[in-house]
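Participant: Quick one, fold the following:
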Amino acid sequence: MTVVTMVWVQEHVHEVRNATKAVLSYLAFKAHYDDGTAAWPAIGTIAGACGLSEKTVQRSIDQLLDLGLLEPGQQTFSAINPKTGKPVRRNYQTVVWNVICKESNLPTEPFEDRNASKVRAAMKRADKAKAKMPSPEPEGGEDDGREDKMSGFSDGSQPEETKAKMSPLENVENKPVSSNLPKMSPLERQGGEGDGSEDKMSKNLDKMSPNNTLKYNYPSLPTGELPASGKRPGMEDGNNTTTGGDSDAATVMDHLASVRSKLSLTTTEPTKRDLSKIGNLVSRVVKAHDGDRAASLALILAVIDWLPANTFWLRRVDSARRLADNWDQIANDWTVAQIERQRERDAEAHERDRRPVAQPTPVPERHSERHVHSLVCEHVLADMRPHEDEYNHEGSLRYGKPSEWQMACMRHAEELNRRDGISTAA
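Facilitator: Below is the predicted model:
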C-alpha cells in the first residue's frame, strides 16, 4: 500500500467526477509501488471500500482508461495466492492496474536488488541459530507459588505448557522462553507440532487487501439465495439449522413427489440444498402468517395440489428447489385462480337465485294473421296483367261505377280467397 500516490491523485486529478476519483484513489492506495504500479483489488472489494455499486466501479475504470489515468499492469502479480503460494485459476485472477501519474515527481522504485543475496544469507543464518537454540527448562520445576490470575488455573492444576503460553507471571525473572512454543499460530497444536487442522485465521482476510482473491457471498432478500457450494454463515453444507423445520420441509417434498407420481411424472431426487431451500420457504411463509406454522404448511400443500390444474407450472416444477425459487409467481397464479373460481361460483349462485322473466305466450300457427287477396293485391295483378288489354278501363270505383278491368280483378281475388279458405264479408 502507498499513500504517496493516493495524495498525488487527490491533489492533481480534478477532471473526473467524485465516484471515478474515489476509484482511482483507492487503486493508488492499493498500489504495490510508490509510483502507482501494480494494484490488483477485486471489483467487489473496490465497490465495498468506496461505497459504490460494481457497475459504477466498472464504468469508472472504463472512463479512467479513456482518460489515460489507468492502464493494465503486469498480470502475474495476481497469479499466485500469497497466503498459500498456490496458483490462482485464470478465470478467478483479479486484474492488475497501473495508476498513471502524469508529469509527477514520484520516485520510481528499482526492480532489482544487488544485495538480495546478502539478505538471503542473513536469513539462513538466523534460521540456523534459531534451530540450535536450546529450550530452557524452569529451575527446580516449580513456580514461585503465586497464582496465575489470567490463566484461571491454580498452581497445582495448570499445565506447564499453558503456563508458558498464557501466564505473564512465569517469566518474571526475564528467563528466555522457548521459541517453539505456539503463542500465536492457529495452525499448530499446543505441543508445538502441526496437527493438520484448518487455518481459521485465513478465512478472515481483509476485504480491502489487494491480495484477497476470495469470493464473498451476499445473499439476496428475502429468500436468501445460496452460493453454489450451498454454504453460508451459521450453516454447514446447506443444512438449514436456523429457519423452518426439517420435518415440515420433508413433508412438502414428499407431497410434491406424491402429486407428480400420481400423474406419472418424475421428480428430481431431493438433496441437502433442496431441504435448505424448502426450509427457508416454510420459514418465510410462517413469518407472513404471524407464526402460524400449521396454516402456512396447509397453504403450501394446497398450492402443490393445484399444480395439476396449471400445466405451465406442472411442467417446470420438477424439484423442491424449483418450487422454492418460483414460489412467488406460483402463489400469485394460485391466488388469481382462486379469485376467478370464486367469481364463477358467485355468478352461478346469482343466476340460480334470480327470478325468471315472464315470456309471452307463443301464438299457434293457425292463429297467425293470413293474407287476404284484393283487386290491388300483387297476386291478383300478377295473374290478371297478361289479360289487361282484354278489358275496358273506363269507370271509377269511387263513384260506384267500376270498370270492366276492376270487376275482373275483384272476381279473381274472390276466387283466390275461396281457394285459400278465407272467407270475406260480402
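
Participant: Quick one: the helices in the stretch 301-426 of the chain, in order.
Facilitator: Secondary structure of the stretch 301-426 of the chain by DSSP state H, counting those that start in this stretch: the helices cover 311-316, 320-325, 327-353, 378-384, 404-419.

Participant: Most tightly packed of the ones you listed?
Facilitator: helix 320-325 (a mean of 21; mean count of other C-beta atoms under 10 Å). Any C-beta I mention is one placed from the backbone N, CA and C, and that applies to glycine too.

Participant: Can you tell me what sits against that helix?
Facilitator: Contacts of helix 320-325 from elsewhere in the structure, counted by C-beta atoms under 8 Å, 6 or more residues apart in numbering, are 223, 249, 252-253, 256, 268, 270-271, 273-275, 277-278, 280-281, 304, 316-317, 330.

Participant: This structure: strands as residue ranges?
Facilitator: Remark: strands assigned in the chain by DSSP state E are 70-72, 97-99.

Participant: Does anything pack onto the first one? Which helices or strands?
Facilitator: Packed against strand 70-72, as judged by 3 or more C-beta pairs under 8 Å, 6 or more residues apart in numbering; DSSP states H and E, are the following elements: helix 54-67, strand 97-99.

Participant: Save these as JSON lines, and put in mean neighbour count, mean pLDDT and distance to Asn326 too.
Facilitator: Shown next, in JSON lines, are those (neighbours: other C-beta atoms under 10 Å; pLDDT from 0 to 100; distance: least, C-beta to C-beta, whole Å):
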{"stretch": "helix 54-67", "mean neighbour count": "16", "mean pLDDT": "91", "distance to Asn326": "26"}
{"stretch": "strand 97-99", "mean neighbour count": "25", "mean pLDDT": "88", "distance to Asn326": "41"}
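
Participant: Could you pull up the residues touching Val259?
Facilitator: Listed by C-beta under 8 Å, 6+ apart, the contact partners of Val259 are 304-305, 307-308.

Participant: mind checking pLDDT for it?
Facilitator: The predicted structure scores Val259 at 92 on the pLDDT scale.

Participant: Quick check: which of the helices and strands packed on strand 70-72 is nearest to Glu414?
Facilitator: helix 54-67 (101.2 Å; C-beta to C-beta).

Participant: Can I get that closest one as CSV, trimmed to CA atoms?
Facilitator: Listed in CSV are the C-alpha atoms of helix 54-67, where the atom choice follows Å, rounded to 0.1, in the frame of the first residue of the first chain:
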residue,chain,number,x,y,z
GLU,A,54,-20.0,-2.8,-9.1
LYS,A,55,-21.4,-1.4,-12.3
THR,A,56,-20.4,2.1,-11.2
VAL,A,57,-16.8,0.9,-10.5
GLN,A,58,-16.7,-0.8,-13.9
ARG,A,59,-17.9,2.4,-15.6
SER,A,60,-15.3,4.5,-13.7
ILE,A,61,-12.5,2.1,-14.7
ASP,A,62,-13.6,2.4,-18.4
GLN,A,63,-13.5,6.2,-18.1
LEU,A,64,-10.1,6.2,-16.4
LEU,A,65,-8.7,4.1,-19.2
ASP,A,66,-10.1,6.5,-21.8
LEU,A,67,-8.5,9.5,-20.0
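
Participant: Quick one: residues in contact with it.
Facilitator: By C-beta under 8 Å, 6+ apart, the list of residues contacting helix 54-67 from outside reads 15-16, 19-20, 22-24, 43-44, 46-47, 50, 52, 70-71, 97.

Participant: ok, 10 Å please
Facilitator: Surrounding helix 54-67, the residues in contact under the criterion C-beta atoms under 10 Å, 6 or more residues apart in numbering are 13, 15-17, 19-24, 26-27, 42-50, 52-53, 69-72, 95, 97, 99-100, 102.

Participant: Buried only: go through the residues you listed for me.
Facilitator: 13, 16, 19-24, 26-27, 42, 44-50, 52, 69-70, 97, 99-100 (16 or more other C-beta atoms under 10 Å).

Participant: Output the lowest mean pLDDT helix or strand found in the protein.
Facilitator: In the chain, the helix or strand scored least confidently by mean pLDDT, DSSP states H and E is helix 160-166, which has a mean of 46.
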